[in-house]
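Asks: the following comprises the amino acid sequence and a computationally predicted model.
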Amino acid sequence: MKLRSILMAGAMSIAASGAWAACSFENDVPLKSLSAGFEAWKAVTDAMAECGNFSASLDQEFREKQPEAFAADPALYQIGGVSNATLVPLLNAGSVRPLDDLVEKYGQNLLPNQLIKVDGKVMAVAMMVNAQHLMYRNDVLADLGIDEPKTYGDVLAAAAQIKEAGVMDYPIGGTFKTGWNLGQEFINMYLGEGGSFFGDGNMPAINNDQGVAALEMMKAMTEFMDPEYLVSDSTYVQQQFQQGKIAMANLWASRAAAMNDEAESQVVGKVTMAAAPMGSAVPATTIWWDGIVLATNMSDEEADAAFRVALEGMDADTVSANNDVAVWLSTAYTPGDLAAGAAASAEGGAKAYPASGPMGIMHTSLGNGLADYLTGAKDAQTTLADIEADYITAAKEAGLISN
Amino acid sequence: MNFRTFATFVGPSVFMMLLFIAFPLVSVFKQSFYITQPIYETVETETCTPGFLTQTCVTEQVSQPKLDDDGKIITRTDFVGLQSYRNVLEPERAWRAISDGNWNVLSTINFWKALRFTLTFTLITLPLVVVCGLGIAILINNAARSIRGPVIFVSLLPFIITPVIGVLSINWLFRGDGILTAMMEWWLNRDIALFAQAWTIEVLMMLYRVWHVAPFAAIIFYAGLQTVNQDSLESAVIDGATRWQRLKYIVIPHLMPLIIFVSMIHLMDSYRVFEEIVGFSSQGYVISLQWLTFDYLTPDQAGNRSISRASANSMLTMIGVVILLIFPLRRTWRDHKGGH
């Protein structure tokens, strides 16, 4: 008897969720999407699935699969989730289609801000932005009478004070894991110092005063970090925050909601989101967007259906139901305290991540080469020179620099 | 057995070997001498990305690959000789470092850094695996018959665990405030960070590898122990040989072919050390040759990958394995010839 009622309840709940109630039309074209797997994508693809005939692949390795899957004819996925960096290989290969006509037909509710234009043509529709910005423990800083840090100088001073007061051994957290994360930290700092990465003909141009300044600031921060910083990724920093082990970190806006998750966090309500600390020129962070693209290699009918399903996925219902999951680009989004940091960084003039083919190589070279400076194996100039040399080798092999 | 029967039996496996091992190898060998790259053109493009209230548009020169009429990227393949090998080995820089006697510089060049660790790792774990394996085998052999089954099972467990999972569990046990680190900190009453310098990571990696592989060696040696001539052992006891002397003069010589076999397998395996690097995310401090190939092959977010350097590096890795195997192989060859 009991078992039967449980089964019944289960069947009822499946029936309820499977009734495509929330979708404004019934989709009869089989569609598939491939995107990253973080929370916002889960919300969006769940909403898309309500239209029926849709299956989503949420895959952390999507960036390796996407170029090949979209180059196939017909494309293996109709809808792709990309960010500003992962759009580059698809654009290069011409495997994503312009969306102007579809936007005109169905996109009345889109903000002009959401349309990613390349050479005047809409190539992607963004749904959210993400940026690293300063998160700090308001209680710890207030106890010691420290004001909100505005620059990295302030951050270091605050860290020294916290350490001296004996509140924490390692007040700063950082996503310094060797590889992509570490490369990203340098890119933030370097852009904050006002540097630019390339000269003419895709030649590297990072071995300069701004580069050295960025490196020195990173090293200064590591003095206040857990000594295992070279293995610390975003999840690790998030946990350090949640467990009350660190007081400040430049962390992704998409991680902000986790600070107030009562199931995991011991610091609910004690973390303030602030603008990324200023470098000499602009806030030391980069702005990223995530959004959807449609494959070139499919019929126009499929594209029509895919676009409608994709818009359903990021409509007002999804956004208001998942308001705190991301910094959404939508009229339905009410920016709360959690979005304040990303917004303030953007207002301060933070730059968009300068995604391009050469930048992909540069990011990898930086990620692999910076650790030698932080561990003390090389000085700053040698490190930057070696990274440039590594970049040149890889860029020549990729054909981006002529021999 | 006549040739026909022999060929029918061996044929399928030779075919498989050719298809799945020899041809890919030839292809990798060939790719290491060629470079395939898209043909880029420089165009001026305006890109608009979302800001918070308005869009930010930038106009800049970008390199964009040319597409053919079917919308495929036009690529060009050039023969470059040993260029990719030179890119991996960086001989000029390496030679300058060696002639200056500056080992620190040498150990910051990726290939040499990886080679240094791979060799240390292989050569240090080798004797440990053999000794531990032999120890476990003797332990099992001397255990009472009633508990022998469970003892074998327990000692085999580490070998059964999937390598990546094994590495990750070691990582989590020792990382940050992992249970074991926390225990050591409490015991020694000082702050310990095992993942903050190269040597501790290397020690952990070697410990893990020995823990993981020793059971394999043990089970082979245990099988060998069953065939030791009992008469020789008994006469040795009558002659007053100690336990140690019996081991040294009877058991080990008897097991020698197996020891060589285990060493060869271990040399091949540990020269391709990889899971440890990924599982410990130790790239900042320690890398291995196999990991380097993997790193060249992994596309960055713009989709670039270094196939040619990856091919060159994997050829170099293979050459390294062959060189290492020459020593045990020569010995087996001599024994083989002497035996007839």
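Replies: Right, received. Where do you want to start?

Asks: so what's the residue in the stretch 301-403 of chain A that chain B sits nearest to up against?
Replies: When you check the stretch 301-403 of chain A against chain B by Cβ to the nearest Cβ, the closest residue turns out to be A:Gly360, at 2.6 Å. (C-beta placed from N, C-alpha, C; glycine too.) Contacts for A:Gly360 (Cβ atoms under 8 Å, 6 or more residues apart in numbering or on different chains) come out as A:85, A:88, B:300-304.

Asks: now do A:Met135
Replies: For A:Met135, the contact set (Cβ under 8 Å, 6+ apart) comprises A:241, A:248-251, A:256, A:259, A:271-274, A:341.

Asks: and which of these is nearest B:Trp199?
Replies: Lowest distance from B:Trp199 to those (Cβ to Cβ) belongs to A:Ala249, with 28.3 Å.

Asks: is the closest one located within a strand, as I assumed?
Replies: Yes. Assessed with DSSP: H, G, I helix; E, B strand; the rest coil, A:Ala249 lies in a strand.

Asks: give me the distance between A:Ala124 and B:Met205.
Replies: Distance of A:Ala124 to B:Met205, computed by Cβ to Cβ, to the nearest Å: 43 Å.

Asks: those two: which is more packed in?
Replies: Counted by other Cβ atoms under 10 Å in any protein chain shown, A:Ala124 and B:Met205 do not tie: A:Ala124 has more neighbours, with 27 against 24.

Asks: and what about that one, helix, strand or coil?
Replies: Strictly by three-state DSSP, A:Ala124 counts as strand.

Asks: nearest residue to it in space, please, no chain neighbours.
Replies: A:Ile116 (4.0 Å; Cβ to Cβ, 6 or more residues apart in numbering or on different chains).

Asks: next, that neighbour: phi, psi?
Replies: When quoted as degrees, to the nearest 10, the phi and psi of A:Ile116 stand at phi -90, psi 110.

Asks: show me the contacts for it.
Replies: Contacts for A:Ile116 (Cβ under 8 Å, 6+ apart) come out as A:87, A:122-126, A:289, A:291, B:47-50.

Asks: next one: A:Trp328
Replies: A:40, A:127-128, A:314, A:319.

Asks: columns distance to chain B, pLDDT and neighbour count on top of the residues you listed, output as JSON lines?
Replies: Shown next, in JSON lines, are the contacts of A:Trp328 (distance: Cβ to the nearest Cβ, whole Å; pLDDT from 0 to 100; neighbours: other Cβ atoms under 10 Å in any protein chain shown):
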{"residue": "A:Ala40", "distance to chain B": "15", "pLDDT": "89", "neighbour count": "23"}
{"residue": "A:Met127", "distance to chain B": "10", "pLDDT": "92", "neighbour count": "27"}
{"residue": "A:Met128", "distance to chain B": "9", "pLDDT": "91", "neighbour count": "26"}
{"residue": "A:Met314", "distance to chain B": "13", "pLDDT": "90", "neighbour count": "27"}
{"residue": "A:Val319", "distance to chain B": "15", "pLDDT": "91", "neighbour count": "24"}
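
Asks: and the residues you listed, which is closest to A:Ile387?
Replies: A:Met128 (31.2 Å).

Asks: so in terms of bridging, what pairs with the closest one?
Replies: Under the criterion DSSP bridges, A:Met128 forms beta bridges with A:Asp290, A:Trp328.

Asks: which ones are touching it?
Replies: A:40, A:289-291, A:326-329.

Asks: same deal with B:Ile252?
Replies: B:Ile259.

Asks: and it, helix, strand or coil?
Replies: Going by three-state DSSP: B:Ile252 is helix.

Asks: quick check, pLDDT for it.
Replies: pLDDT for B:Ile252: 91.

Asks: repeat for A:Lys2
Replies: At A:Lys2, pLDDT is 50.

Asks: could you do B:Phe327 as well?
Replies: At B:Phe327, the pLDDT value in this model is 85.

Asks: and the contacts of the lengthiest helix in chain A?
Replies: Taking DSSP state H as the criterion, chain A has its longest helix at helix A:380-398. Contact with helix A:380-398 is made by A:202-204, A:206-207, A:211-212, A:215-216, A:357-358, A:361-362, A:364-366, A:368-370, A:372-373, A:378, A:401, A:403, B:35, B:37-38, B:84, B:87, B:108, B:304, B:306, B:308-309, as judged by Cβ under 8 Å, 6+ apart.

Asks: mind doing that once more with 7 Å?
Replies: Residues outside helix A:380-398 that contact it (Cβ atoms under 7 Å, 6 or more residues apart in numbering or on different chains) are A:202, A:204, A:206-207, A:211-212, A:215-216, A:358, A:361-362, A:365-366, A:369-370, A:372-373, A:378, A:401, A:403, B:35, B:37, B:87, B:304, B:306, B:308-309.

Asks: buried members of the residues you listed into ChimeraX, please.
Replies: Entered in ChimeraX, the line below selects the buried ones among these, by 16 or more other Cβ atoms under 10 Å in any protein chain shown:
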select /A:202,204,206,207,211,212,215,358,361,362,365,366,369,370,372,373,378,401 /B:35,37,87,304,306,308,309
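
Asks: show me the contacts for the residue nearest the centre of chain A.
Replies: Centroid check for chain A by Cα atoms, centre = their mean gives A:Asn130 as the closest residue, at 4.8 Å. By Cβ under 7 Å, 6+ apart, the contact list for A:Asn130 reads A:252-254, A:288, A:290, A:327.

Asks: pretty sure it is in a strand, no?
Replies: Yes. Counting by three-state DSSP, A:Asn130 is located in a strand.

Asks: circling back: out of the contacts of helix A:380-398, name the ones that lie in strands.
Replies: The members of the contacts of helix A:380-398 that map onto strands under DSSP state E are B:35, B:37.

Asks: and A:Pro354, what element?
Replies: According to DSSP states H and E, A:Pro354 maps onto no helix or strand at all.

Asks: check which helix or strand A:Pro335 maps to.
Replies: Going by DSSP H and E, A:Pro335 is not in any helix or strand.

Asks: cross-check the contact I'm expecting between it and A:Ala343.
Replies: Yes. Look at A:Pro335 against A:Ala343 with Cβ atoms under 7 Å: they come within range, at 6.2 Å.

Asks: contacts for stretch B:207-219, please.
Replies: For stretch B:207-219, contacts defined as Cβ under 7 Å, 6+ apart pick out B:125, B:128-130, B:132-133, B:136-137, B:140, B:155-156, B:158-159, B:163, B:166-167, B:170, B:262, B:266, B:270, B:276.

Asks: that one: which residues count as buried?
Replies: For stretch B:207-219, using 16+ other Cβ under 10 Å, the buried residues are B:208-219.

Asks: same check on stretch B:265-278?
Replies: Applying 16+ other Cβ under 10 Å to stretch B:265-278 flags B:266-267, B:269-278 as buried.

Asks: same question, stretch B:183-193
Replies: B:192-193.

Asks: pull it out as PDB, backbone CA atoms only.
Replies: Extracted C-alpha coordinates of stretch B:183-193, given in PDB (Å, rounded to 0.1, in the frame of the first residue of the first chain):
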ATOM      1  CA  MET B 183      46.500  14.600  11.900                       C
ATOM      2  CA  MET B 184      50.200  15.300  11.100                       C
ATOM      3  CA  GLU B 185      49.700  18.900  12.000                       C
ATOM      4  CA  TRP B 186      48.200  18.000  15.300                       C
ATOM      5  CA  TRP B 187      50.900  15.400  16.000                       C
ATOM      6  CA  LEU B 188      53.900  17.600  15.000                       C
ATOM      7  CA  ASN B 189      52.100  20.800  16.200                       C
ATOM      8  CA  ARG B 190      53.100  22.800  13.200                       C
ATOM      9  CA  ASP B 191      51.600  24.000   9.900                       C
ATOM     10  CA  ILE B 192      52.100  21.600   7.100                       C
ATOM     11  CA  ALA B 193      51.500  22.300   3.400                       C
END
